[in-house]
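>>> this is a predicted model, with the sequence first.
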Amino acid sequence: MGFRIDVKGLKEAQDMINDLGRGLDPNVFANWADTITRTAKLICNDPECKRIKLKHTQRLGIEFEFADKEAIDCVISAIRQHMNSIPIVLAEVYKQTIIDLENRKKEFKST
């Protein structure tokens with residue numbers, strides 16, 4: 001007499017593990033940062049990089065420079081637009097980035 005075990009979700013679990021590893025790759029992080037920045041510049045109509053500037057920092061870090069509060073909103077919108085495609089680990093980083101950017105908007109005077 002034999003028995004059989006059906007394992008459901010193994011492929012999904014393997015995909016998630018691979019996604020976690022990919023999210024820690026500095027090149028993947030840099031590519032997503034660039035993608036978000038390009039999207040934000042389109043939203044803000046900033047092709048000449050006068051309102052939004054991106055600077056890669058050590059390890060998995062980025063710094064944005066903004067000309068105004070609306071430029072911050074453009075980056076937040078761009079992050080949200082791509083959130084479902086970003087690897088899981090990076091999605092958590094970008095969720096925190098949204099919180100940080102919301103707080104940073106308070107530094108700008110209301111226009």
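Noted; the coordinates are in hand.
>>> ok, which stretches of the chain are helices?
For the chain, the helices defined by DSSP state H cover 10-23, 26-44, 69-82, 88-104.
>>> hang on, I86 packs against N31?
No: here I86 lies out of contact with N31, judged by CB atoms under 8 Å, at a distance of 10.4 Å. Every C-beta, even on glycine, is put in place using the N, C-alpha and C of the backbone.
>>> so what's the most centrally placed residue in the chain up against?
For the chain, the residue sitting closest to the mean C-alpha position, by CA atoms, centre = their mean, is Y94 at 4.3 Å. Neighbouring residues of Y94 by CB atoms under 8 Å, 6 or more residues apart in numbering: 32, 36, 79, 83, 86.
>>> could you redo the last one with a cut-off of 6 Å?
With contacts defined as CB atoms under 6 Å, 6 or more residues apart in numbering, the neighbours of Y94 are I79.
>>> again, but for T37
T37 is in contact with L54, counting by CB under 6 Å, 6+ apart.
>>> K106 versus that one, what's the distance?
The span separating T37 from K106 equals 22 Å under the rule CB to CB, to the nearest Å.
>>> R80 now?
As it turns out, when the distance is counted by CB to CB, R80 lies 19 Å from K106.
>>> neighbour count winner among these two?
In terms of neighbours (other CB atoms under 10 Å), R80 is the more surrounded of R80 and K106; the figures are 13 against 9.
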